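In: Predicted model, plus sequence, below.
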Amino acid sequence: MKFNQFLYGAAYYYEYLPYDRLDKDIEMMQAANINVVRIGESTWSTYEPQEGTFDFSKLDKVVNAMEKAGIKVIIGTPTYAIPTWMAKKYPDVMLTDKSGKREYGSRQIIDITNPVFRHLSERIIRKMVSRTVNHPNVIGFQVDNETKHFNTSSQNVYIGFQKWLKQKFDGDLDALNAAYGLDYWSNRINAWEDFPPVNTTINGSLGTAFEEYKRTLVVDFLSWQVNIVNEYKRNDQFVTNNFDMEWRKLSFGLNPDANHFEISKAFDVTAVDVYHPSQDNLTGTEIAFCGDMARSTKDANYIVMETEAQAFRHWVPYPGQLKLQAYSHIASGANMISYWHWSSLHNSYETYWKGLLGHDFKPNPVYNEAKTIGADLNALSDTFTNTKKQNRVAFVVSNQAMSAVDWFPYKNTIFDKTDEHQYNDVLRSYYDPLYRLNVEADIRQIGDERINNDNYDFLIVPMLYSATDDQLKQLNEFVEQGGTILYSFRSGFTDQNVKVRTETQPAIISKSVGAEYELFVEPDKHYGIDQPSDNMTITGTDDLPTVQAQPVRYWAELLTPTTGNVLATYDHPYWGKYAAITENTFGKGHVYYAGSYLNATTISALYERILKTISLWSDRQSQTFPIINKQLITASGDKLDFYFNYSNDAHKVTFESESGTELHEHSNLTKGQTFTLEPWTVRVFMVAQ
């Protein structure tokens, strides 16, 4: 979807204010060039205080006031936080998860499949949308918020899962039992009416299938809401959701409980929230990762529905960092930046998750910096809107592989299911070093038809533990036709049903990898202790000499080349004859395979070798973190060159494009000239194509 201007705003909750200051808030928004607010997504109990009794006076007041002020509005449907009367009158709407029936109190504790919840949700959605859709300043609708399956497992979810399995296996229980290995421990299902509970299953195949099914419930729930809104919305309005990543007190990785690639197909634009460390720990990595995810879902610019302003006390930005953060979003392809939230709350759970304004509502250093950002974005709106990327590198990711790895984790134990989502640790272990080398990438879901040689030269495939034969054959073909792939350990191991392949590993991809293994070991001589081994490291060969004695952690596949070359070996009295990293020519392309968990130094060395081999190593890689260089193509076809300094020190930087004009100071630079980046600053150049 194309936008006619860059959007800069905040979530605004008039319903939460300790006193009415709407006019003053709007005055301060206008002073900061804020041109959009998101409202409504968490105030159902205000708009419907009792069942069938509606009061939209506050919604109307805000929309009307913003319209008069020339500020655009995104309306959120309020379905992720239900009113007390619903929980009291219809207790079946409450979430049943692994802990049992949840009690009312928090948000996101409803069964999104419950028919009563759906009925009541549809009524409030229709009333809110029909009431606001004809306002010219209402530009879009957000359905629900940060939607996931929340481990819903009510009786109707179990029934739905059985129906889903019946369809998947054409009603053939023998086929289901064979695919999932249910003869083990007498778990075999001999009649559909004897279908067992799933939350207590010990079968990883059945458990992973349940996770896949629950992700489809999220797609269904949000698509259902989108269809309702689409009955009302104008052609110039959009519908979206607000995606969140796996949460580790920051936005970390692929969301285990929602397939954003599938969900986004129903939306006009993808929206995401991005939260990250600040102060001395600001690196821009989470901003880049979340942006790459959001942009890749629809091959288009995305909107940042939430990101931090002051936030927590350890995230309060240093002077200059708010601008650095904003431009980091822009450089990843954002068409909108919206802070969570406008003003800090005075009650309840998020009292100390602060907004642009503090509890006293007065101008403060963060708000004052936001004013300078707003002025810049207003002046440069045409330049920063509807940009695009031309990346030749992509990560290939999989929700299915992540769920399977949860059942069979690679560190600490291989028997007990974990909630650690170790898949994301491996994903980020490969993403972060590439980011620090100033190589930009897309993020694709396994099986995506866009994973082809026309679009990409280099694919990075972290721990593709579960995949179909066709998905693996697609990757083999990519290499055969001239592409390059880097696989991490445990790739290709099981099929789509998490059934281990009977071929010598890594099975279908072995012929392109050019290596096999029969043994995999945990090298630490003190089993189960998460420390580097005293007696096992990885050492590079002459072809990869920069890998020097990297400790082996967690997992080591003992690789034997068939047609490939050895790039690194294990330094060990028994396992030393095996390879740790291999390289192979297959058809017109190359495959690199890492049989163990690699640290950032080793991955960076491997990236350098690969990128130089395939001619993707450029002058941009001569400068590395904390200097980050990102590029965009503008809507008019020009190139924007962004240079970021994520550090407390000034750095001398070399300009790498042929020639460019700085956007703010209009100074000209040519290739090879140097300039200084002060701490926590960004400079942007327009480069004519």
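Out: Thanks, I have it.

In: Can you give the domain ranges for this structure?
Out: What automatic domain parsing lists as the domains of the chain is 7-41+242-384, 393-617, 624-687.

In: can I get the ones you listed in CSV with mean neighbour count, distance to Tyr90 and mean pLDDT?
Out: Quick note: C-beta positions are derived from backbone N, CA and C, even for glycine. Shown next, in CSV, are these (neighbours: other C-beta atoms under 10 Å; distance: least, C-beta to C-beta, whole Å; pLDDT from 0 to 100):
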stretch, mean neighbour count, distance to Tyr90, mean pLDDT
domain 7-41+242-384, 21, 21, 97
domain 393-617, 20, 30, 91
domain 624-687, 17, 49, 93
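
In: Quick one, which of those domains gets closest to Lys61.
Out: domain 7-41+242-384 (6.9 Å; C-beta to C-beta).

In: sorry, back to before: as a markdown table, the domains of the chain with distance to Ile124 would be great.
Out: Output for those, formatted as a markdown table (distance: least, C-beta to C-beta, whole Å):
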| stretch | distance to Ile124 |
| --- | --- |
| domain 7-41+242-384 | 10 |
| domain 393-617 | 30 |
| domain 624-687 | 38 |
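
In: Ok, which of these comes nearest Lys163?
Out: Across the domains of the chain (criterion: C-beta to C-beta), the nearest stretch is domain 393-617, sitting at 18.0 Å.

In: start to end distance for that closest one?
Out: 12 Å (C-alpha to C-alpha, to the nearest Å).

In: Stretch 339-356 too?
Out: End-to-end distance (C-alpha to C-alpha), stretch 339-356: 7 Å.

In: Can you give the distance from that stretch to the centre of its chain?
Out: Distance, stretch centre to chain centre, for stretch 339-356: 24 Å (C-alpha atoms, centre = their mean, to the nearest Å).

In: Residues contacting it, please?
Out: Here stretch 339-356 makes contact (C-beta atoms under 8 Å, 6 or more residues apart in numbering) with 9-13, 16-18, 25, 29, 32, 37, 273, 306-313, 316, 357-359, 361, 366-367, 370.

In: and what of stretch 195-214?
Out: Counting by C-beta under 8 Å, 6+ apart, 97-98, 149, 151-153, 157-158, 160-162, 164-165, 179-182, 184-185, 187, 189, 256-257, 399-400, 403-404, 406-408, 417, 466, 497-499 sit against stretch 195-214.

In: From the residues you listed, which land in helices?
Out: With DSSP state H as the criterion, helices contain 157-158, 160-162, 164-165, 179-180, 399-400, 403-404, 406-407 from among the contacts of stretch 195-214.

In: Around Ala65, count how many other residues there are.
Out: By the criterion of other C-beta atoms under 10 Å, Ala65 has 16 neighbours.

In: Ok, the one 3 residues further on next?
Out: Using other C-beta under 10 Å, Lys68 has 10 other residues around it.

In: so it is in which element?
Out: Assigned by DSSP states H and E, Lys68 belongs to helix 57-69.

In: for Gly660, same thing?
Out: Going by DSSP H and E, Gly660 is in strand 659-662.

In: Can you list the strands that that strand pairs with?
Out: For strand 659-662, the pairing partners within the sheet under DSSP bridges are strand 668-670 (antiparallel), strand 682-687 (antiparallel).

In: okay if I get those as a markdown table plus distance to Pro506?
Out: What follows is the strands paired with strand 659-662, written out as a markdown table (distance: least, C-beta to C-beta, whole Å):
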| stretch | distance to Pro506 |
| --- | --- |
| strand 668-670 | 47 |
| strand 682-687 | 42 |
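
In: List the buried residues for the longest helix along the chain?
Out: When the chain is parsed with DSSP H, its longest helix is helix 204-230. By neighbour count with 16 or more other C-beta atoms under 10 Å, helix 204-230 contains the buried residues 204-215, 217-219, 221-226, 228-229.

In: Tell me what angle it forms with helix 399-407.
Out: 140 degrees (axes from the mean of the first three to the mean of the last three C-alpha atoms, to 10 degrees).

In: mean confidence score for helix 204-230?
Out: For helix 204-230, the per-residue pLDDT values average out at 98.

In: Just after that helix, pick out the following helix or strand.
Out: Immediately after helix 204-230, counting by DSSP H and E, sits strand 238-240.

In: and that following strand, which strands flank it?
Out: Here, using DSSP bridges, strand 238-240 pairs with strand 138-142 (parallel).

In: ok now the strand it pairs with, how far from the chain's centre?
Out: 22 Å.

In: now do stretch 217-234
Out: 22 Å.

In: Now stretch 122-139: buried residues?
Out: Under 16+ other C-beta under 10 Å, the buried positions of stretch 122-139 are 124-125, 128-129, 131-133, 135, 137-139.

In: need the helices for the stretch 201-350 of the chain, in chain order.
Out: Secondary structure of the stretch 201-350 of the chain (DSSP state H, counting those that start in this stretch): helices at 204-230, 260-263, 285-298, 321-332.

In: Let's see the second one as CSV, backbone CA atoms only.
Out: In CSV, the C-alpha atoms belonging to helix 260-263 read as follows (Å, rounded to 0.1, in the frame of the first residue of the first chain):
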residue,chain,number,x,y,z
HIS,A,260,3.2,-13.5,10.6
PHE,A,261,3.9,-14.5,7.0
GLU,A,262,0.5,-16.2,6.8
ILE,A,263,-1.5,-13.6,8.8
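
In: Could you name the helices and strands sitting against it?
Out: In this structure, helix 260-263 packs against helix 204-230, helix 285-298, with contacts taken as 3 or more C-beta pairs under 8 Å, 6 or more residues apart in numbering; DSSP states H and E.

In: Of all the ones you listed, which one is nearest Gln108?
Out: Short answer: helix 204-230, nearest of the helices and strands packed on helix 260-263 by C-beta to C-beta, at 11.7 Å.

In: Distance from the chain centre to the closest one, please.
Out: With C-alpha atoms, centre = their mean, you get 17 Å for helix 204-230.

In: roughly how far out does stretch 380-388 sit from the chain middle?
Out: Per C-alpha atoms, centre = their mean, the centroid offset for stretch 380-388 relative to its chain is 23 Å.
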